[in-house]
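Participant: Quick one, fold the following:
(one chain, ligands or ions: 2)
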Amino acid sequence: MDCPGCSVEMAALEGDELSLHKCTECGGLWLDVADLNRLLLHHNLPGLETLGGKLNAEALTGVCHECKVDLVSVDGGERNHPLHYDTCESCGGIFLESEFKDTTDHKAAVHEMIEFFRRFSGRKVKKAGAAG
Ligand SMILES: [Zn+2]
Ligand SMILES: [Zn+2]
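Facilitator: Ligands and ions are numbered 1, 2, ... in the order given. The predicted structure follows:
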């Protein structure tokens, strides 16, 4: 898999939870929508299609090098902290840009992605043991 943004070969982040690729240029992450949904559900978040977010047809996106089609951008997050991810409508690949520069291993990447989609959905982070 080549990075949709930089067109350089992405490195595989080894792990048993899902198949994940990271761009060494921009820090972007690429994964499959089925893997992402499994991950979200595992962490008590709704699946991607129920997370909310709005298709942004105007946004400039990269290209899925597998399918040779433009990615579409999905906007979400809070008003003062907008977030977006890109997705390939052909293969269901998900591309998360550059928020993950410091992410060097699979475990850290999974943690970062969960935080990203939690914020994306506008959900507050629940503190362990808190009432309600
Ligand atoms: Zn890149
Ligand atoms: Zn694709």
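Participant: which residues touch the spatially most central residue of the chain?
Facilitator: Centroid-nearest residue in the chain, with Cα atoms, centre = their mean: L96, separated by 4.1 Å. Contacts of L96 were listed using Cβ atoms under 8 Å, 6 or more residues apart in numbering, and they are 28-30, 85-86, 113, 116. Backbone N, C-alpha and C define where each C-beta goes, glycine included.
Participant: per-residue confidence averaged over stretch 24-40?
Facilitator: Averaging pLDDT along stretch 24-40 gives 93.
Participant: what's across from the residue nearest to the centre of the chain in the sheet?
Facilitator: Following DSSP bridges, L96 is listed with bridge partners L29.
Participant: what about V110, neighbour count?
Facilitator: Counted with other Cβ atoms under 10 Å, the burial measure for V110 works out to 21 neighbours.
Participant: Confirm for me that it is in contact with L39.
Facilitator: Yes. Shown here, V110 and L39 form a contact pair, counting by Cβ atoms under 8 Å, at 6.6 Å.
Participant: which residues do the two both contact?
Facilitator: Residues touching both V110 and L39 comprise 17-18, with contact defined as Cβ under 8 Å, 6+ apart.
Participant: what's the lengthiest helix in the chain in contact with?
Facilitator: Within the chain, and with DSSP state H defining each element, the longest helix by residue count is helix 106-120. Residues from elsewhere that reach helix 106-120 (Cβ under 8 Å, 6+ apart): 13-15, 17-18, 20, 22, 29, 31, 36, 39-40, 43, 45, 48, 51-53, 76-78, 81, 83, 85, 96, 99-100, 102-103, 125.
Participant: can you tell me which of those residues are in strands?
Facilitator: For the contacts of helix 106-120, membership in strands holds for 13, 20, 22, 29, 31, 76-78, 81, 83, 85, 96, with DSSP state E as the criterion.
Participant: quick revisit: filter the contacts of helix 106-120 down to the buried ones.
Facilitator: Buried members of those, scored by 16 or more other Cβ atoms under 10 Å, are 13, 18, 20, 22, 29, 31, 36, 39-40, 45, 48, 51, 53, 76-77, 83, 85, 96, 99-100, 103.
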